[in-house]
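**Student:** here you go, sequence then predicted model.
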Amino acid sequence: MINKALEDYTAEDLLVLLNENVDAIVLVDPAINKYRTIASRGIFEKVLDETGDYQELIEKLWFHFSDSDEEIVDDYKAFISYYGEFRGKYSRRLKIYPEGCETPCVIQMNVYPMERIGKYVFAMDILDDEEYYEEFMTTNKIKTIQNTYLFSMFVDLLDDSTSSISVTEISEDTVKSNISYSQWRLVTVNLIWPDSQKQFLKFTNPDFLKENLSIGNTISFDCMMKNLEGTFIWVKLIFSRAQTINDEDFKFVFMVQDINEDVKERLETLKKYEGLVLRDSLTGLLNHGGIKSEIEAAIEDFEDGESNISLMMIDLDNFKSINDTYGHSVGDATLKALSDVLKKFYAEKEAAVGRWGGEEFVAVVKDMTEDETLDYAENLRKTVADVDFGEAGHITCSIGISRFNTNDSFEDVFNRMDKAMYYSKETGKNKVTIL
């Protein structure tokens, strides 16, 4: 267009100038979920189709990770339909990843609702301000603490409304959404680990929040929640009631904090302590308490319908003479060597093995018939007899077996095993008995 004096420009001229200078103009009809591209240039020629699905456009513009073009998991796409409604003019900056581009393009998006005809006009421009671009790209690096919060929003329970929604992995800016609090709860519960969904619904229940959270106070609970990549991570769900003058105002800030690394570290520490509590310090096998718990769990499994469960007691023959002849250090070394044999022997089976006390070891064995269990125990007896235990030389063991029967108590199945082992001892040692 020819340059004119200011007073000579008409409304039509301005429309022509806008069409020439705005990088993309899109007309949207939300009623039929369609958009039409009126004008596009530059990277928008790769981003926009001539006509297309409106929800797909919303997804393309901001339902991806803020630092890549990777799409979010489908579970979160349930929110898309709530992000495409605009009741007033709306403006925000976005990062988009045109096809074939490894680095993002920063754009300015302005939305103009045409209320009379029920349509929206999107006007979008590429921002090439390097100073702003650098600031935009490095924001995450200077907000380490803030970015532990994956999600936040403002909730008004009386209006059943949400506002100022922020999903930090998509964008640091708050986004406009018309999702009600009730709708948000019903969608979000599907992102919670199944075992915690009932607790989530109780925790986020409006009546529960009104009754249990006074003005200025905060409550929270930890659970596993699916992130945008579709992986369950540990999060802290936090509700903080806003400081208002009116006691009947039920306004809250809700936040989801990423605590995954902290919880995993804590669980690892607990696991180490659990190992110390349940493991025998000399052999590294389960200790008395640990193997007893395995027996009790096996009884529950049997009562729940699992069959073919057996107990084995392995007792070294003439162990007292080893201690008396060579000393307790050789006796301890012998027990360690036997525990290594047992670990390897039971590793290929669905079994748990532990040190009951002294030279007695107990194993819980599953998925073997009575004949298979006898053969297995006989192979173990032969394996032990073939091992050279160093200074102690070749030693043997006696084995007693009991099979789980209907209505067996812990004492029933254990006593049968114990009697079977002593029968093996009394009838010559180095043998297997089942009762």
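**Tutor:** Right, received. Where do you want to start?

**Student:** surely Ser68 is within a helix?
**Tutor:** No. Counting by DSSP: H, G, I helix; E, B strand; the rest coil, Ser68 is not found in a helix; it is coil.

**Student:** how about the contacts made by the closest residue in space to it that isn't next to it in sequence?
**Tutor:** The shortest distance from Ser68 to any non-neighbouring residue, by C-beta to C-beta, 6 or more residues apart in numbering, is to Tyr97 (7.1 Å). (Glycine included, C-beta is placed from N, CA and C.) Residues in contact with Tyr97 (C-beta atoms under 8 Å, 6 or more residues apart in numbering) are His64, Ser68, Asp69, Pro104, Cys105.

**Student:** of those residues, buried ones?
**Tutor:** Neighbour-count burial (16 or more other C-beta atoms under 10 Å) applied to the contacts of Tyr97 gives His64, Pro104, Cys105.

**Student:** in this structure Ala337 contacts Gly393, no?
**Tutor:** No. In this structure Ala337 lies outside contact range of Gly393 using C-beta atoms under 8 Å: 11.5 Å.

**Student:** the two: which has the busier surroundings?
**Tutor:** Ala337 (18 against 11; other C-beta atoms under 10 Å).

**Student:** can I get the host helix or strand of Trp184 as PDB, trimmed to CA atoms?
**Tutor:** Using DSSP states H and E, Trp184 sits in helix 181-188. C-alpha atoms of helix 181-188 as PDB (Å, rounded to 0.1, in the frame of the first residue of the first chain):
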ATOM      1  CA  TYR A 181     -14.300 -27.000  40.100                       C
ATOM      2  CA  SER A 182     -16.700 -29.900  39.900                       C
ATOM      3  CA  GLN A 183     -15.700 -30.700  36.400                       C
ATOM      4  CA  TRP A 184     -12.000 -30.400  37.300                       C
ATOM      5  CA  ARG A 185     -12.400 -32.900  40.200                       C
ATOM      6  CA  LEU A 186     -14.100 -35.500  37.900                       C
ATOM      7  CA  VAL A 187     -11.300 -35.200  35.300                       C
ATOM      8  CA  THR A 188      -8.400 -35.000  37.700                       C
END
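
**Student:** and that helix, how far from the chain's centre?
**Tutor:** Relative to its parent chain, helix 181-188 has a centroid offset of 20 Å by C-alpha atoms, centre = their mean, to the nearest Å.

**Student:** following element in sequence after it, please.
**Tutor:** Next element after helix 181-188 (DSSP H and E): helix 197-203.

**Student:** how about the following helix or strand past that following helix: buried residues?
**Tutor:** With elements assigned by DSSP H and E, the helix or strand that comes after helix 197-203 is helix 206-212. By neighbour count with 16+ other C-beta under 10 Å, helix 206-212 contains the buried residues Pro206, Leu209.

**Student:** show me what helix 206-212 is packed up against.
**Tutor:** The contact analysis (3 or more C-beta pairs under 8 Å, 6 or more residues apart in numbering; DSSP states H and E) places helix 206-212 against no helix or strand.

**Student:** let's go with 10 Å and repeat that
**Tutor:** helix 181-188, helix 197-203, strand 218-226, strand 232-241, strand 251-258 (3 or more C-beta pairs under 10 Å, 6 or more residues apart in numbering; DSSP states H and E).
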